[in-house]
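Peer 1: Please work out how this folds:
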Amino acid sequence: MATLEIKDLHVSVDGGADGAREILRGVDLTVKQGETHAIMGPNGSGKSTLAYSVAGHPRYHVTAGSVTLDGADVLTMSVDERARAGLFLAMQYPVEVPGVSVSNFLRTAVTAVQGEAPKLRTWVKDLAAAFEQLAIDPSFKERSVNEGFSGGEKKRFEVLQLELLKPKVAILDETDSGLDVDALRVVSAGVNRVRESGTTGTLLITHYTRILRYIKPDYVHVFVNGRIVEEGGPELADRLEAEGYDQWVKGAGPAAADAAPEAEQEPAS
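Peer 2: Numbers count the residues shown, from 1 in each chain. As a prediction, the model looks like this:
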């Protein structure tokens, strides 16, 4: 069973003239194959920092702790090695890749992860089915990756990659942001298809409970001031919907103000 294990993770980000600022302050989290974990917290709490740190974005510097996947040290891997090992990140702000067609990008990604190119006949069939299930116009295959895509189209394309790559662990960073109700249902259905296969562990990062109406988590974690401050089952999401985050933010004390809102924004590419 594939397992992502995060132990006592501390991460800092370059704050420019102010020097490095610690964003993650000792995160402990284990995500096993087939499980779905939801991380919920206010803006600036470090949720996206966690996602990008595990994925290997160079802006974020791990100062202590460990991240392992099936016992292998993730932090010593390059970004592409992490992907080949079975990690997947659906970004909050997917980037455009001008000049690279969607079809070429997807086939190259699958080939890199699987170690060999998929058979053309099977690939064409699988790609067409994935586009249909996510209600993506087939003409998008020939468009440049994310170039001119709406926010909802970018999120559908992220889930399309998820379905085709079949990772061991998928980190979905605010996949629900910017989606209308119809798009949210389509995207959630795609995530659920991957979950139901039982081969992928899912870490779902979100501010709101609305996506959890469609994707039912096994575990919910409240994230405040760079650490997990409360854990529970799906009922914890209902409690957050009713009460908000105030009790945990206040309980975190003055240090909560140190969480950097800019770290939750799109990282520089």
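
Peer 1: quick one, strands of this protein?
Peer 2: Using DSSP state E, the strands found in the chain span residues 3-14, 20-32, 36-40, 60-69, 72-73, 87-90, 97-101, 144-145, 169-173, 201-206, 219-224, 227-232.

Peer 1: Touching the fourth one from outside, list them.
Peer 2: Strand 60-69 is touched from outside by 2-14, 20, 22-23, 26-27, 49, 52-54, 73-75, 82, 85-87, 168-169, 267, with contacts defined as Cβ atoms under 8 Å, 6 or more residues apart in numbering. For glycine as for every other residue, the C-beta is placed from the backbone atoms N, C-alpha and C.

Peer 1: ditto for stretch 144-158
Peer 2: Surrounding stretch 144-158, the residues in contact under the criterion Cβ under 8 Å, 6+ apart are 90-91, 94-102, 105, 134-136, 140, 143, 172, 175, 177-180, 183, 186-187, 190.

Peer 1: just stretch 186-200 next, same as before
Peer 2: Contacts for stretch 186-200 (Cβ under 8 Å, 6+ apart): 2, 33-34, 36, 133-135, 155-156, 159-160, 162-163, 166-170, 172, 175-176, 179, 202, 204, 211, 214-215.

Peer 1: Of the contacts of stretch 144-158, which qualify as buried by neighbour count?
Peer 2: In those, burial by neighbour count holds for 90-91, 94, 102, 105, 134, 136, 140, 143, 172, 175, 179, 183, 186-187, 190, counting by 16 or more other Cβ atoms under 10 Å.

Peer 1: Keep only those of these that are in helices.
Peer 2: Judged by DSSP state H, the buried ones among the contacts of stretch 144-158 include 102, 105, 183, 186-187, 190 as members of helices.

Peer 1: out of those, which one sits closest to S45?
Peer 2: S45 lies nearest to V187 out of those, by Cβ to Cβ, at 23.2 Å.

Peer 1: For D176, give me its contacts.
Peer 2: Taking Cβ under 8 Å, 6+ apart as the test, what D176 contacts is 184, 187, 206, 208, 210-211.

Peer 1: ok, now E231?
Peer 2: Here E231 is in contact with 219-222 (Cβ under 8 Å, 6+ apart).

Peer 1: ok, back up a step: in TSV, list the ones in helices among the buried ones among the contacts of stretch 144-158 along with distance to E230 and pLDDT.
Peer 2: Shown next, in TSV, are these (distance: Cβ to Cβ, whole Å; pLDDT from 0 to 100):
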residue	distance to E230	pLDDT
V102	40	96
F105	39	95
A183	30	92
V186	31	94
V187	27	95
G190	29	95
